[in-house]
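**Q** Okay, structure incoming, though there's no sequence with it:
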């Protein structure tokens, strides 16, 4: 499942509240897109090219470092998030 597919499903089910992504290896991220998030486009429809990511549990992937702004990882390309999903064993 890509991050765009996941976000669309979560937004349809829960509105702006998106569950944390938990991976098979224990990494846990919250990924957000929509109005008020560091994403592109800034809407709740997508598809998104960039999303906002917070690391809730585990070590941040090195590929996120260039996007860190002191609190969250903003404007992370979805290709990087999709690669992290794959590398960490998929979403549980």
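**A** Structure received. This one's a predicted model, so the numbers in the text were calculated from it and none came from an experiment.
**Q** Please, where are all the helices along this protein?
**A** Applying DSSP state H to the chain gives helices spanning 3-14, 78-87.
**Q** From the centroid of this structure, which residue is nearest?
**A** Nearest residue to the geometric centre of the chain (Cα atoms, centre = their mean): residue 31, 2.8 Å.
**Q** pLDDT score assigned to it?
**A** pLDDT, residue 31: 93.
**Q** quick revisit: lowest-confidence stretch among the helices of the chain?
**A** Sorting these by mean pLDDT places helix 3-14 lowest, at a mean of 89.
**Q** Longest strand in the protein, by number of residues?
**A** Looking across the chain with DSSP state E, the single longest strand is strand 50-57.
**Q** Quick check: buried residues in it?
**A** 50-53, 55 (16 or more other Cβ atoms under 10 Å). Yep, even glycine has a C-beta here, placed from its N, CA and C like the rest.
**Q** Take the helices of the chain and lay them out in TSV including distance to residue 67 and mean neighbour count.
**A** As requested, the helices of the chain are exported to TSV (distance: least, Cβ to Cβ, whole Å; neighbours: other Cβ atoms under 10 Å):
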stretch	distance to residue 67	mean neighbour count
helix 3-14	14	16
helix 78-87	8	17
